[in-house]
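# take a look and give me a structure for this.
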Amino acid sequence: MSDSEPVATHTTVVDHPLVQHKLTLMRQTATTVVKFRQLAREIALLLAYEVTRDLPLTTIDIETPVSPAKAPALEGKKLCLVSILRAGNGLLDGMLDLVPSARVGHVGIYRDPETLIAVEYYYKVPEDLSERLTVVVDPMLATGNSAVAAVSKLKDDGASQIKFACLLAAPEGIEQMREVHPDVPIITAAIDERLNDHGYIVPGLGDAGDRLYGTR
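Next up, the predicted model:
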């Protein structure tokens, strides 16, 4: 496919020109909160296109204004979008723009600033995860600790088909996800160079949550 480049069977970089341009705007320090939030929503919609490209289809009978026809339609239960709070909500709305009927779950996890270990404080997801594609969204895959913890919790709850979508990923986070959850594909807009000593992605775009909500 022209707008995505397989980095490995586990990770896909969506390199569509619109995605890359919008991501460059997000990275810039001068980008306002309003613009940052808008760009996150727009990129999320484009990422959702890639995330959902292999949803199963069936054929149904319909009536067009001209004649009866057999046409493709989505098969099975609606997918579930799971936001890792709080920054994940910045991608959630964009994905819902594309799939408004999706079910939505939230996992509250914060990264301890000293240990970088993920600490859970909230968890609420739809039932029947075992029968749904579950898409976990978080702008950043940095150390991977939060993503791994969220995916582990969802698997404990029965989710068996899971994807992870983010704006940026660090090699360290990809490796952590690959090691613990090799069955979970990662869809991202970019893979950056590395993490710094504080666990931030370099060059990155700063703290996504702070830039989304103006708390920096």
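
# how about the strands in the protein?
5-8, 11-13, 57-63, 68-74, 80-85, 103-111, 118-124, 133-137, 140-141, 161-169, 186-191, 194-195, 201-202 (DSSP state E).

# looking at the ones you listed, which is buried most?
With neighbours defined as mean count of other C-beta atoms under 10 Å, these peak in mean count at strand 140-141, which reaches a mean of 28. C-beta: built from backbone N, CA, C; applies to glycine.

# show the contacting residues for the residue nearest to Gly105 when sequence neighbours are not counted.
Nearest residue to Gly105, sequence neighbours excluded (C-beta to C-beta, 6 or more residues apart in numbering): Val125, at 3.1 Å. Applying C-beta atoms under 8 Å, 6 or more residues apart in numbering to Val125 gives the contacts 80, 82, 105-107, 154, 157.

# which residues does the residue nearest the centre of the chain bridge with?
Centrality entry for the chain: nearest residue to the mean C-alpha point is Ala165, 2.3 Å, by C-alpha atoms, centre = their mean. When bridges are taken as DSSP bridges, the partners of Ala165 come out as Val137, Ile187.

# same question for Leu141.
Counting by DSSP bridges, Leu141 forms beta bridges with Ala169.

# the longest helix anywhere in the chain packs against which elements?
Ordering each helix of the chain by length in residues (DSSP state H) puts helix 33-51 first. Applying 3 or more C-beta pairs under 8 Å, 6 or more residues apart in numbering; DSSP states H and E, we find helix 33-51 packed against helix 17-27, helix 89-98, strand 133-137, strand 161-169, strand 186-191, helix 208-213.

# list the buried residues for it?
By neighbour count on 16 or more other C-beta atoms under 10 Å, the buried set for helix 33-51 is 36-51.

# over to stretch 199-211?
Those would be 199-201, 204-206, 208-209, 211, for stretch 199-211 by 16+ other C-beta under 10 Å.
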